[in-house]
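# Quick one, structure for this:
(2 chains)
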Amino acid sequence: MDENKVILKISNLSKTFEDKKGNVVRAVDNVSFDVYDNEFLVLLGPGQCGKTVMLNVIAGLLEPDDGEVRLDGEAVNGHSPKIGMVLQKTALMPWKTVIENTEIGPKWKGVSKKERREKAESYIKLVGLSGFEKSYPAQLSGGMKQRVGIARAYTNDPEILIMDEPFGALDAQTRYAMEEEVARIWQQEKRTVIFVTNNIEEACYLGDRIILFSERPATIKEIYVNDLPRPRDMISEEFMKLRTKISDNTDLAI
Amino acid sequence: MKSETVIDNRPVKVQVSHLTKYFGSLHVLDDVSFDIKKGEFVCVVGPTGCGKTTFLNLLTKIYEPSEGELRIDGELADPKKHNLAFVFQEPSALPWLTVEDNLRFGLKIKKLPKEEIERRVDRILKLLGLEEFRKAYPGQLSTSTEQRVIIGRAFAMEPDLLLMDEPYGQMDIKLRFYLEDEVLRLWREIGTTVVFITHNIEEAVYLSEKVLILSNKPATIKEELKNNLPYPRDIASREFVEMRKHITEQIKWW
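Numbering: from 1, shown residues only, chains lettered A, B, ... in the order given. Sure thing, here's the model as predicted:
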């Protein structure tokens, strides 16, 4: 990771909504942070704290009320092809095979079939799904669908990969396996990753830095630098210390 | 795995012998035998898809075994005679009943005397610290509070056997430890025999007096592990970490 190069600059971001009764709900309140080139950044916060709103603003899918997002020095305005997303609901097209789903980005951009197939195949291999190119999403397990979502995002060649609680719906063991996979893929194929989760253990396992957010409206509570060596051991003393430190800094939401 | 021999004078409450289950040609459970002492807290762990839920459904007598039997207090288990209570991952409060009426529900079906019902409901509400919510409806509670009510409802039955299938699913660390301490408090106060299924090995080591480690399908008992660590348990202690590591190695498939 190049510590000095800021790829994404978020300054004084605020966003409010109106609920059904017409009350103003403040989702994000004056949030500023930098994202470094090729780092694995985790945004950690409790459920419904405003994380997804923040992501959607970063991705250019929502307009902020205040503040701005700059990617490579340019203001983000509308959705940028430089930003790819992986979502909890994988949103794969059920009538398309694994490879057809994976190559959808370059296909829409008009890349030739040969070229996009080659690329899609290499990422399908990277996520460990070789042999399943012709399978349909319904034939895959939850973890495998997430892998397709990750391959699809990579095939579109984004500068920044945003992952919004991608493993929230997986069982605990598949989740551990996928956490290992994402760390491995990221190390093999360096990209800037912004990974959103509410799981402290997952944050400590994956992040170079972890930004801890408060409850809604989301404000930054603390930024943790995590330089534990990879692959990380969740049962090691240092890991448990970091996990406890962050856990002690969060509120118990019963 | 070393474990000290501690003399356990409690009588055997549940006796499972040679339990085997086929669904057609699919062999899910193979010759499972074990005992549970009266008032014991047993955790069951195993790889994803190994047949844990089938195992539980056999214990609840929702399924009939293909071979083998289940005895409670020496008699063949019979839901008409024995008191079996369950808690599932998704909270299952009756939405049209208040918290106290949810707690009363099973006790009324069992036709307990009114004073006894009120005594038990008051006791559970007190143990849970939910007295102020007694008139609230489930829809007014958070998911975790609703789950606490369900767990209280199960304990209020003072069942012969209480079966819990991942009741704390994907809840985050801080909340989970809070709920785990609460379930231990209920268990200790009421003296219920508990079988608790979990994907989370740290949780199994934190809660259990005994851990049953299941193998891949067809599931057999790979290891029966005594857990004599003193309560309340220190998750960072050497013995705790070693046991967690040992169990992880036993079930890790990824």
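
# ranges for the strands of the stretch 101-250 of chain B?
Counting by DSSP state E, counting those that start in this stretch, the stretch 101-250 of chain B has strands at residues B:161-165, B:194-197, B:210-214, B:221-226.

# Quickly run through the sheet partners of the last one, with directions.
Put plainly, it is strand B:221-226. Partner strands and pairing direction for strand B:221-226 (DSSP bridges) are strand B:210-214 (antiparallel).

# How about the second one?
Paired neighbours of strand B:194-197 in the sheet (DSSP bridges): strand B:41-45 (parallel), strand B:161-165 (parallel).

# got the buried residues for it?
B:194-197 (16 or more other Cβ atoms under 10 Å in any protein chain shown). Placement of C-beta: from N, CA and C, glycine included.

# Next to chain A, which bits of chain B? Give me the list.
Chain B has residues B:47-48, B:142, B:144-145, B:148, B:170, B:172-175, B:178, B:199-200, B:235-236, B:241, B:244-245, B:248, B:251, B:253-254 near chain A, with proximity defined as Cβ under 8 Å from any Cβ of the partner chain.

# Quick one, which of those residues are buried?
Buried, going by 16+ other Cβ under 10 Å: B:47-48, B:144-145, B:148, B:170, B:172-175, B:178, B:199-200, B:235, B:241, B:244, B:248, B:251, out of the residues of chain B next to chain A.

# I'd like to know which of the residues you listed are part of helices.
B:144-145, B:148, B:173-175, B:178, B:241, B:244, B:248, B:251 (DSSP state H).

# Out of those residues, which comes closest to residue A:135?
For those, the closest approach to residue A:135 (Cβ to Cβ) belongs to residue B:251, at 27.0 Å.

# any idea which of the ones in helices among the buried ones among the residues of chain B next to chain A is closest to residue A:41?
residue B:173 (20.6 Å).

# got a list of what the closest one touches?
A:199-201, A:243, A:247 (Cβ atoms under 8 Å, 6 or more residues apart in numbering or on different chains).

# Determine the number of other residues adjacent to residue 137.
No chain was given, so I picked chain A. Neighbour count for residue A:137, taken as other Cβ atoms under 10 Å in any protein chain shown: 19.

# Correction: the question concerned chain B.
17.

# That one touches residue B:100, doesn't it?
No - using Cβ atoms under 8 Å, residue B:137 makes no contact with residue B:100, being 10.8 Å away.

# and the nearest residue to residue A:117 once chain neighbours are set aside, what pLDDT?
Of all residues not flanking residue A:117 in the chain, residue A:103 sits nearest, at 6.4 Å (Cβ to Cβ, 6 or more residues apart in numbering or on different chains). With respect to pLDDT, residue A:103 scores 95.

# Could you measure from residue A:103 over to residue A:151?
9 Å (Cβ to Cβ, to the nearest Å).

# and the closest residue to chain B within the stretch 1-150 of chain A, what element?
Taking Cβ to the nearest Cβ, chain B has its nearest neighbour within the stretch 1-150 of chain A at residue A:46, 7.9 Å off. Secondary structure from DSSP states H and E places residue A:46 outside every helix and strand.

# check contacts around residue A:71.
Contacts of residue A:71 (Cβ under 8 Å, 6+ apart): A:7-8, A:80, A:82-83, A:159-160.

# What about residue A:95, how many residues nearby?
So residue A:95, with other Cβ under 10 Å, has 10 neighbours.

# Got phi/psi on it?
Per-residue torsions, residue A:95: phi -90, psi 0 (degrees, to the nearest 10).

# Tell me the pLDDT of it.
The per-residue pLDDT of residue A:95 was computed as 96.

# now it, nearest residue through space, not along the chain?
residue A:136 (7.7 Å).

# Against residue A:128, how distant is the one you found?
18 Å.

# ditto for residue A:74
Counting by Cβ to Cβ - residue A:74 and residue A:128 are separated by 35 Å.

# same thing with residue B:166?
Residue B:166 is 27 Å from residue A:128, by Cβ to Cβ.

# do the same with residue B:31
34 Å.

# and if you look at residue A:197?
Taking Cβ to Cβ, one finds residue A:197 at 21 Å from residue A:128.

# counting contacts, what elements does the lengthiest helix in chain A pack onto?
The single longest helix within chain A, with elements called by DSSP H, is helix A:172-188. Applying 3 or more Cβ pairs under 8 Å, 6 or more residues apart in numbering or on different chains; DSSP states H and E, we find helix A:172-188 packed against helix A:142-155, strand A:192-197, helix A:200-206.
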